[in-house]
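Enquirer: Predicted model and sequence below, questions to follow.
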Amino acid sequence: MSPSEARSVGRLNGKIALVTGAAQGIGAAIARRLAREGATVVLADINEPGAKQVVEGIVSEEGQAIALKMDVSQVPSVAAAGEAIRERFGGLDILVNNAAVVDIVGFDSLTLEHYSRILRVNLDGALIVSMAMVPLIRSRSAHGRILNIASIMGVRSAPGATAYSTAKGGVVNLTRSMACDLAKDGIVVNAIAPGFIDTPMCLLPDGSGHEHQQAWFKDIYIKYKRIPLGRAGLPEDIAGPAAFFCSDDSRYVTGQILLVDGGVSATF
């Protein structure tokens, strides 16, 4: 546990939170942090055994959490998870739309099938889950919170990222649109756009390791200070800002996109 993780202050005592894509990486780190802040956390993932393993860690620290299997791209799966949450907790206070799949396919190799699959999970999934869970938030909370996990690739781009950047750019404006429409219900909606974060999703497809371990990455982003803080991020670096957005500290913040990227977006 990092020092920042240990300094939870119970800002979410009594809250019920749902985190999608919570079996690993950023989703798992957010789930752990929300639990340390006092929330009861529902960890939803298509990888149910992985989510259960994270739950075991949370419970071992005297946190409250359960795991649910959910495929965010499939309406029946999301509906079933929503019904399970309603039956067990009566509603929801916090939703974190984190589930995503990685994509590195150049434009000339891109197929409509691949493009549709990436958008279905990374963009449509956030909408599908939100549509199912907003009624649960309305039924339980006068001050609901929705946090979408976008990406720096949603406000910038790079070769091979046509589908992924399009999807994450959609998450950025989905966040703004939802913020406008749901304000009347007291629900604030924001997004975090992570930069280069050390997670299993960022392992290179050729098996050579994480991108931040490569010589080209070190030359461009570290040696020449394209990342001013001089390192790739950790999932816990996202969990801290997430706790802020999920708490009452963000009560007058909505429709905002926070880049958590070590400063890389300030350099280009």
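Expert: Sure, I can see it.
Enquirer: In stretch 131-148, which of the residues would be classed as buried?
Expert: With burial defined by 16 or more other CB atoms under 10 Å, the residues of stretch 131-148 counted as buried are 132-134, 136-138, 140-141, 143-148. For the C-beta atoms, the positions are set from N, CA and C on the backbone; glycine is no exception.
Enquirer: Could you export those residues as a markdown table, including pLDDT, secondary structure and distance to Ala242?
Expert: Output for those, formatted as a markdown table (pLDDT from 0 to 100; DSSP: H, G, I helix; E, B strand; the rest coil; distance: CB to CB, whole Å):
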| residue | pLDDT | secondary structure | distance to Ala242 |
| --- | --- | --- | --- |
| Ala132 | 98 | helix | 21 |
| Met133 | 98 | helix | 17 |
| Val134 | 98 | helix | 19 |
| Leu136 | 98 | helix | 20 |
| Ile137 | 98 | helix | 17 |
| Arg138 | 97 | helix | 22 |
| Arg140 | 92 | helix | 20 |
| Ser141 | 84 | coil | 17 |
| His143 | 93 | coil | 17 |
| Gly144 | 97 | coil | 15 |
| Arg145 | 98 | strand | 10 |
| Ile146 | 98 | strand | 12 |
| Leu147 | 98 | strand | 6 |
| Asn148 | 98 | strand | 11 |
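Enquirer: and of those, the nearest to Ala39?
Expert: Closest approach between the buried residues of stretch 131-148 and Ala39, by CB to CB: Arg145, at 10.3 Å.
Enquirer: Surely that closest one touches Asp93?
Expert: Yes. Counting by CB atoms under 8 Å, Asp93 is a contact partner of Arg145 at 6.8 Å.
Enquirer: Low-confidence ranges, the protein, go.
Expert: Across the chain, the ranges flagged by pLDDT under 70 are 1-9, 201-224.
Enquirer: Distance from the chain centre to stretch 139-155, please.
Expert: Relative to its chain's centre, stretch 139-155 lies at 8 Å (CA atoms, centre = their mean, to the nearest Å).
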